[in-house]
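> Provided below for reference: sequence and predicted model.
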Amino acid sequence: MTKISPEFEENLTAEGVLSVSADVSFISNGFPKYRLGPDNQILDEPKGGSDGPTLKEVVEEEMTQLSEQHKRLSVRDLASKFDKNLAAAAKLSEEAKIREVASLEGHVLLKKLRDALEYLRGLLAGRNKEDVEEAISMVEALAVKLTQKEGELIQDKFEVKKLASFLKQTSEDAKKLVSQEKSFACAEIESARGIVKRIGEALEERNRTTEDPKKQDVEELVEVVQEARRIKLMHQPSKVMDMEHELRALRTQIREKCIVSVKLQKELAMSKRAEENKSRGYTIVGSETLGSYLQIQTCSENAPQLSNCSIQWYRVSPDGSWNEAISGANKLTYAPEPFDVGRTLGADIISNGQKVTVTTAGPIDPGLESYIDTLLRKSNTEFHVVISQMNGRDHPSRSVHVFHVGKMRMKLCRGWITKSRENYSSLMQLCGARGDVANVAKGVFWQPRKGLSFVLTFETERDRNAAILLARKYALDCNVMIAGPDDRV
């Protein structure tokens, strides 16, 4: 950058124009050496035996000078201001000429008026003559004032001409200074372009010298690998490879056939159970997976109405030798909970002393392994719930609470208010909601201690089942087994 000064020399010295501005000072004539550090930061290499300022000090000094020069007017701004003032001076000169013409016209009019009044004074007498003489004196006073105004106008005209000549000279000087600074800037730009070009060529040369050995090494490695593959193919007969491909295809086919066979067996068992249930007049409908709910329906017109029957859901043992009644599960619908996974569910329908038994077509599928594995990586999992019942009574508030399932304890709270917080113990009970609950697939029965119980409704069926599985897993880690009322553990 270059400072602006009102004084400048028109004649250049014999040494010629410098390629950089006078305000820039360099430590040496060479380009500074540097290396890249972490995060692409530029690190200067230490120089031995250098008494000049460091590169950081030079940059800070240049930034200070740039900020100071940014506050001043540039040469181009000064030239534009001079041009504006010159235009204003020319306008004032034109106005002065117009005033001069108007002043001459005023003198002519006053002289004609005075001649007319002199003529009237010779013709009139008495009082009218005195009035005419008074008018003549007023005209003469106006002529004197007009003369004074002309003098002031001539003085203003002289000042305007002087100012115009000064501004014209200043504008020419500013234009000359602009052209000089422009030539300096062009010289600096050309010099910078040359330096950048030389640096780019040096960097390209350096990249070529560093990439050539690496490229050669990679090509050699590729050739070695290709040769090794060729040798391996030469020592392996094609018949063995064909047999391996055939074995792989046979394994794939056997795996697909096994999947189809298992699916057909399951469908056959489901159809047999459905036929048995139809013969009994009732059937269980619904998806046999966690997150859904099962419902008993009549499939025969001769079967008694379900509203007149008593119902008891139970779990069938893996070998089918005994049944485990589910406490509180005595409604038409039942939502499987994680404790039912892998077990076949059934229901006893009793009407007029006669008992009819219906069962599901197969065991309950889990379908939450990956989600549970993700939640187990956390130390504490939170679920949003609504309290439907408290101590067996409907809860009036429908506000959202937070249900914490941790590795050592469980907690139910809303904001800073804690409803219950208990460590895992043998007195705690946790299972899916049973009985008269509005949304049984999302409901959970939780008894943290004796005398206090809740029925909580989760946002989704997956959250409900995940909370039960997590709590039982963490309780088992604490050597505690928690389940529902009267469940065998």
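Great, that's in hand. Residues are numbered from 1 along each chain as shown.

> what is the neighbour count of Gln169?
12 (other CB atoms under 10 Å). (C-beta placed from N, C-alpha, C; glycine too.)

> quick one: what helix or strand has it in it?
helix 127-235 (DSSP states H and E).

> over to Ile284?
Counting by DSSP H and E, Ile284 is found in strand 282-285.

> may I have that strand as PDB, with CA atoms only?
Taking C-alpha atoms only, strand 282-285 is exported to PDB below (Å, rounded to 0.1, in the frame of the first residue of the first chain):
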ATOM      1  CA  TYR A 282     -63.800 -70.000  19.900                       C
ATOM      2  CA  THR A 283     -60.500 -68.800  18.500                       C
ATOM      3  CA  ILE A 284     -57.700 -66.400  19.300                       C
ATOM      4  CA  VAL A 285     -56.900 -63.700  16.800                       C
END
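
> buried sites along it?
For strand 282-285, burial by neighbour count (16 or more other CB atoms under 10 Å) applies to 282-284.

> and of those residues, the nearest to Ile231?
Ile284 (65.3 Å; CB to CB).

> what residues are up against that closest one?
277, 294-297, 345, 347, 358-360 (CB atoms under 8 Å, 6 or more residues apart in numbering).

> one more time with 10 Å
273-274, 277, 294-297, 313, 334, 345-347, 358-361 (CB atoms under 10 Å, 6 or more residues apart in numbering).

> which of these scores worst on pLDDT?
Comparing pLDDT over the contacts of Ile284, Asn277 scores lowest. The value there is 61.

> if we can go back for a sec, how far does the helix or strand following the helix holding Gln169 sit from the chain's center?
As assigned by DSSP H and E, the chain's next helix or strand after helix 127-235 is helix 238-280. Distance of helix 238-280 from the chain centroid (CA atoms, centre = their mean, to the nearest Å) equals 49 Å.

> and for stretch 342-358?
Centre to centre, stretch against its chain (CA atoms, centre = their mean), the figure for stretch 342-358 is 57 Å.

> buried sites along it?
Per 16+ other CB under 10 Å, stretch 342-358 contains these buried residues: 343-349, 351, 356, 358.

> greatest separation within the residues you listed: which pair is it?
Arg343 and Ser351 (25.8 Å).

> list the contacts for Arg375?
Quick fix: residue 375 reads Leu, not Arg. 368, 381, 405, 466-467, 469-470, 473.

> quick one on the thing from earlier: take the buried residues of stretch 342-358 and write them to CSV, including secondary structure and distance to Glu118.
As requested, the buried residues of stretch 342-358 are exported to CSV (DSSP: H, G, I helix; E, B strand; the rest coil; distance: CB to CB, whole Å):
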residue, secondary structure, distance to Glu118
Arg343, coil, 141
Thr344, strand, 143
Leu345, strand, 139
Gly346, strand, 144
Ala347, strand, 141
Asp348, strand, 146
Ile349, strand, 144
Ser351, strand, 147
Val356, strand, 148
Val358, strand, 143
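
> Ala329 is in contact with Phe339, isn't it?
No - Ala329 is beyond contact range of Phe339, at 11.6 Å (criterion: CB atoms under 10 Å).

> what sits in contact with each of the two?
With CB under 10 Å, 6+ apart as the test, Ala329 and Phe339 both reach 315, 431-432, 484.

> out of those, who's nearest Ala441?
Using CB to CB, those come closest to Ala441 at Gly432, 8.4 Å.

> is it true that that closest one touches Val341?
No - under the criterion of CB under 10 Å, Gly432 is not in contact with Val341, lying 11.7 Å apart.

> what sits in contact with each of those two?
What both Gly432 and Val341 touch, as defined by CB under 10 Å, 6+ apart, is the set 290, 465.

> compare those two and say which is more crowded by neighbours.
Shown here are Gly432 and Val341; by other CB under 10 Å, Gly432 has more neighbours (27 against 17).

> so what sits opposite that one in the bridge?
With DSSP bridges as the criterion, Gly432 is bridged to Val444.

> what residues are up against it?
Gly432 touches 290, 293, 326, 328-329, 334-340, 440-445, 464-465, 468, 484, counting by CB under 10 Å, 6+ apart.

> try it again with 8 Å
Counted by CB under 8 Å, 6+ apart, Gly432 has contacts 335-337, 339, 440, 443-445, 464, 468, 484.

> among the residues you listed, which one lies nearest to Met390?
For the contacts of Gly432, the residue nearest Met390 by CB to CB is Phe445; the value is 11.6 Å.

> okay, now the closest one: neighbour count?
23.

> touching, it and Ser453? I think so.
Yes - using CB atoms under 8 Å, Phe445 makes contact with Ser453 at a distance of 6.9 Å.

> between those two, which contacts overlap?
With CB under 8 Å, 6+ apart, Phe445 and Ser453 have common neighbours Gln429.

> max-length strand in the protein?
Ranked by number of residues, the top strand in the chain under DSSP state E is strand 380-390.

> please name every helix or strand in contact with the helix or strand following that one.
Downstream of strand 380-390, the next assigned helix or strand under DSSP H and E is strand 393-394. On a contact count with 3 or more CB pairs under 8 Å, 6 or more residues apart in numbering; DSSP states H and E, strand 393-394 meets no helix or strand.

> after strand 393-394 comes which helix or strand?
strand 400-406.

> and that next one with strand 380-390, angle?
When axes from the mean of the first three to the mean of the last three CA atoms, to 10 degrees is applied, the directions of strand 400-406 and strand 380-390 differ by 130 degrees.

> what residues of strand 400-406 count as buried?
Within strand 400-406, the residues that count as buried by 16+ other CB under 10 Å are 401, 403-406.

> repeat that for stretch 145-162.
Buried, per 16+ other CB under 10 Å, within stretch 145-162: 150, 153, 157, 160.

> hmm, back to that, pull up the pairing partners for the strand holding Ile284, direction included.
strand 294-298 (antiparallel).

> may I have the strands that pair with whichever helix or strand comes after the strand it pairs with, each with its orientation?
Next helix or strand after strand 294-298 toward the C-terminus (DSSP H and E): strand 310-316. Strand pairing for strand 310-316, determined by DSSP bridges: strand 323-325 (antiparallel), strand 344-351 (antiparallel).

> nearest to Lys263, out of those strands?
strand 344-351 (17.9 Å).

> now the angle from that closest one to helix 238-280?
Using the same axes, to 10 degrees, strand 344-351 lies at 10 degrees relative to helix 238-280.

> outside of strand 344-351 itself, which residues are in contact with it?
282, 284, 288, 294, 296, 304, 306, 308-316, 320, 323, 334, 336, 355-360, 362-364.

> just the buried ones from those residues, in ChimeraX syntax?
Burial among the contacts of strand 344-351 is assessed by 16+ other CB under 10 Å; the matching ChimeraX selection reads:
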select :282,284,288,294,296,304,306,309,311,312,313,314,315,316,323,334,336,356,358,359,360,363,364
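
> pull out the buried positions in stretch 444-464.
Applying 16+ other CB under 10 Å to stretch 444-464 flags 444-448, 453-458, 461, 463-464 as buried.

> one more: stretch 323-340?
For stretch 323-340, by 16+ other CB under 10 Å, it's 323, 326-330, 334-340.
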